[in-house]
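Student: turn this into a model:
(chains A and B)
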Amino acid sequence: DGGITQSPKYLFRKEGQNVTLSCEQNLNHDAMYWYRQDPGQGLRLIYYSQIVNDFQKGDIAEGYSVSREKKESFPLTVTSAQKNPTAFYLCASNRSKQRGEAFFGQGTRLTVV
Amino acid sequence: DQQVKQNSPSLSVQEGRISILNCDYTNSMFDYFLWYKKYPAEGPTFLISISSIKDKNEDGRFTVFLNKSAKHLSLHIVPSQPGDSAVYFCAASQVGSARQLTFGSGTQLTVLP
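Tutor: The predicted structure follows:
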């Protein structure tokens, strides 16, 4: 089945630690995105990538980093510089620069303990 | 500055009646609009979309209306069913971009049996 897989579903991190969230897609989409959702708020864009080895900052990129070494994979690292990392993180993909729906993964709930 | 706004955090409707969810936007460069449905701790699922060159798009029980002059769109669900209870997000993307989505804050729809 084609789709987007995020792992893990739940993640706990100690303050001061970096943590990496995985996102893999087999839809052959060029573009991939990371969003963050906080309670009562919409999804906010962290980073996006239109092509391998290239990515751009979204609206709330501070404290996050990404890489795009393969078309299928777009991991997100939440660094210790992110002041409020506890949130629900969603990865998405679509055909770059074309109208059409973005497909989302099931999300990763990150909690800082 | 919120470019996509959903001013009603919640809406309750009786089963079988019409649900109307509203969304306003400020960015005149948006040319594609989407509605997503989301359950807690899951990724959003695509419902329906509309291009800015149209004013209506219908898919089964779901119809989206776009009023460009008012920068307003709405999602109509007829008839509403208890399984429609979820958070609904309005989203938009703009021409010339990587088609990253800008989301509203969501409306919690509750369909009462």
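
Student: now B:Asp84: phi and psi?
Tutor: phi -80, psi -10 (degrees, to the nearest 10).

Student: what sits against the spatially most central residue of chain A?
Tutor: Computing the C-alpha centroid of chain A and ranking residues by C-alpha atoms, centre = their mean puts A:Trp34 first, at 3.0 Å. A:Trp34 makes contact with A:23, A:45-48, A:58, A:64, A:66, A:74, A:76, A:89-92, according to C-beta atoms under 8 Å, 6 or more residues apart in numbering or on different chains. Where C-beta positions appear, they are placed from N, C-alpha and C, glycine not excepted.

Student: go ahead and build a PyMOL selection from the buried members of the residues you listed.
Tutor: Only the buried entries of the contacts of A:Trp34 go into this PyMOL selection, using 16 or more other C-beta atoms under 10 Å in any protein chain shown:
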select buried, chain A and resi 23+45+46+47+48+58+64+66+74+76+89+90+91+92
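
Student: run through the bridge partners of the residue nearest to the centre of chain A.
Tutor: A:Tyr47, A:Cys91 (DSSP bridges).

Student: can you count the residues close to B:Ser51?
Tutor: 11 (other C-beta atoms under 10 Å in any protein chain shown).

Student: for the nearest residue to it once chain neighbours are set aside, which residues count as its bridge partners?
Tutor: Spatial nearest neighbour of B:Ser51, excluding adjacent residues (C-beta to C-beta, 6 or more residues apart in numbering or on different chains): B:Tyr32 at 5.7 Å. Beta bridges link B:Tyr32 to B:Ser51, B:Ser93 when assigned by DSSP bridges.

Student: ok, B:Tyr32 - contacts?
Tutor: Neighbours of B:Tyr32 in contact, by C-beta under 8 Å, 6+ apart: A:Arg99, B:Ser49, B:Ile50, B:Ser51, B:Ser52, B:Ala92, B:Ser93, B:Gln94, B:Arg99.

Student: and these, which is closest to A:Asp38?
Tutor: Of all the contacts of B:Tyr32, B:Ala92 has the smallest distance to A:Asp38: 19.9 Å, by C-beta to C-beta.

Student: and the gap between the closest residue to the closest one other than its chain neighbours and B:Pro113?
Tutor: Residue nearest to B:Ala92 in three dimensions, not counting chain neighbours: B:Phe30, with 4.1 Å by C-beta to C-beta, 6+ apart. B:Phe30 sits 36 Å away from B:Pro113 when distances are taken as C-beta to C-beta, to the nearest Å.

Student: so what's A:Gly105 up against?
Tutor: A:Gly3, A:Ile4, A:Thr5, A:Gln6, A:Cys23, A:Leu90, A:Cys91, A:Ala92, B:Gly43.
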